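K.L.:
Sequence plus the predicted model coming up.
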Amino acid sequence: MAGALTFMIASCLAMSAVVKESSTERIIARRKVQMCLLNITSFLIAIYFYVRHNSFCEPGGEFNTTFLSLRHFGHFLRDISVICLTVV
């Protein structure tokens with residue numbers, strides 16, 4: 001995951017360094033940065049819940065399981081949107 005995040009950040013930086021001539025290129029660059037921020041945020045939330053679960057091993061783990069399921073669904077939506085952005 002760290003390698004994927006590094007690649008995504010590097011590609012966002014590279015894309016921002018290139019001059020965008022059309023409005024479509026600007027929109028794609030903006031969405032790529034938004035997806036990058038979403039990816040980093042979901043990764044940090046996953047780390048938080050992982051550490052919290054391992055530290056406290058709370059009864060009623062359904063709370064963590066629910067957020068873990070939502071995180072996986074968020075990753076699915078993010079992957080679909082990235083595929084749609086690369087096809088355009």
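P.N.:
Thanks, I have the structure now. Residues are numbered from 1 along each chain as shown.
K.L.:
residues in contact with Leu77?
P.N.:
Neighbour list for Leu77: empty [criterion: Cβ atoms under 8 Å, 6 or more residues apart in numbering]. Placement of C-beta: from N, CA and C, glycine included.
K.L.:
what pLDDT does it get?
P.N.:
For Leu77, the model assigns a pLDDT of 74.
K.L.:
State the distance from it to Leu38.
P.N.:
Distance of Leu77 to Leu38, computed by Cβ to Cβ, to the nearest Å: 9 Å.
K.L.:
before we move on, what about Arg52?
P.N.:
21 Å.
K.L.:
Those two - which one has more neighbours?
P.N.:
Neighbour comparison, Arg52 and Leu38: the larger count goes to Leu38, with 16 against 13 (by other Cβ atoms under 10 Å).
K.L.:
so how far is Phe76 from that one?
P.N.:
Computed as Cβ to Cβ, the Leu38 to Phe76 distance reads 12 Å.
K.L.:
got it, and Ile40?
P.N.:
Distance, Ile40 to Phe76, using Cβ to Cβ: 17 Å.
K.L.:
So which of the two has more stuff around it?
P.N.:
The neighbour comparison of Ile40 against Phe76 (other Cβ under 10 Å) goes to Ile40, with 13 against 10.
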